[in-house]
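> build the 3D model from these lines:
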Amino acid sequence: MTTCLAGFSTPIRHLSVRALLPNTDHYITYEGSTTHPGCWESTVWIIINKPIYITKQELYQLRRLMQGSETTPKAPLGNNARPVQNLHHRTVRTNIDFKRNKNQNVCPTMYKDMYYRANRWSPDTGLLIR
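This is a model prediction of the structure:
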């Protein structure tokens with residue numbers, strides 16, 4: 001594979017995205033915004049409930065990645081994080097079962113504050129009440 005600059009592309013063959021992700025059915029989702037300027041509120045983020053492990057060599061290779069254009073070809077791949085965005089009352093959804101054995105010892109900070117809020121419908125007006 002050859003190194004490309006911004007605006008160019010290189011085909012990647014034999015890449016299995018599934019092999020990059022941990023084997024789990026448990027995840028969390030929330031509605032958020034895109035990561036590039038505009039930060040449009042149009043994205044559903046999926047957070048997998050298992051870590052992804054990499055070797056020291058893989059971490060080293062990730063740290064060596066560069067980005068850039070023809071004028072600045074050796075720009076490091078970094079310092080490209082956007083500021084933290086407002087929460088906008090986001091709801092976090094999950095399919096993870098947080099039930100636990102009553103005899104199980106749990107650290108007090110591990111208790112979950114689980115609830116949901118749904119819009120109510122008024123049968124008189126046929127409108128949603130927020």
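
> make sure D25 is actually in contact with N95.
Yes. Contact criterion C-beta atoms under 8 Å: D25 and N95 qualify, at 7.2 Å. Every C-beta, even on glycine, is put in place using the N, C-alpha and C of the backbone.

> strands along this structure, start to end?
27-32, 43-48, 66-67, 75-76, 92-94, 120-121, 128-129 (DSSP state E).

> mean pLDDT lowest where, among these?
Lowest mean pLDDT of those: strand 128-129, a mean of 58.

> the longest helix along the chain packs against which elements?
Secondary structure of the chain read by DSSP state H shows that its longest helix is helix 56-63. Packing partners of helix 56-63 (3 or more C-beta pairs under 8 Å, 6 or more residues apart in numbering; DSSP states H and E): none among the helices and strands.

> can I get it in PDB, CA atoms only?
The C-alpha coordinates for helix 56-63 follow below in PDB (Å, rounded to 0.1, in the frame of the first residue of the first chain):
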ATOM      1  CA  LYS A  56       2.400  -2.200  21.700                       C
ATOM      2  CA  GLN A  57       3.500  -2.500  18.100                       C
ATOM      3  CA  GLU A  58       0.000  -1.600  16.800                       C
ATOM      4  CA  LEU A  59      -0.100   1.400  19.200                       C
ATOM      5  CA  TYR A  60       3.300   2.500  17.900                       C
ATOM      6  CA  GLN A  61       2.100   2.200  14.300                       C
ATOM      7  CA  LEU A  62      -1.000   4.300  15.100                       C
ATOM      8  CA  ARG A  63       1.100   7.000  16.700                       C
END
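
> touching that helix from outside, list them.
Outside helix 56-63, the residues that touch it by C-beta atoms under 8 Å, 6 or more residues apart in numbering are I54.

> ok, now with 10 Å
I54, T55, P76, L77, G78 (C-beta atoms under 10 Å, 6 or more residues apart in numbering).

> what pLDDT, on average, does that helix get?
Helix 56-63 carries an average pLDDT of 87.
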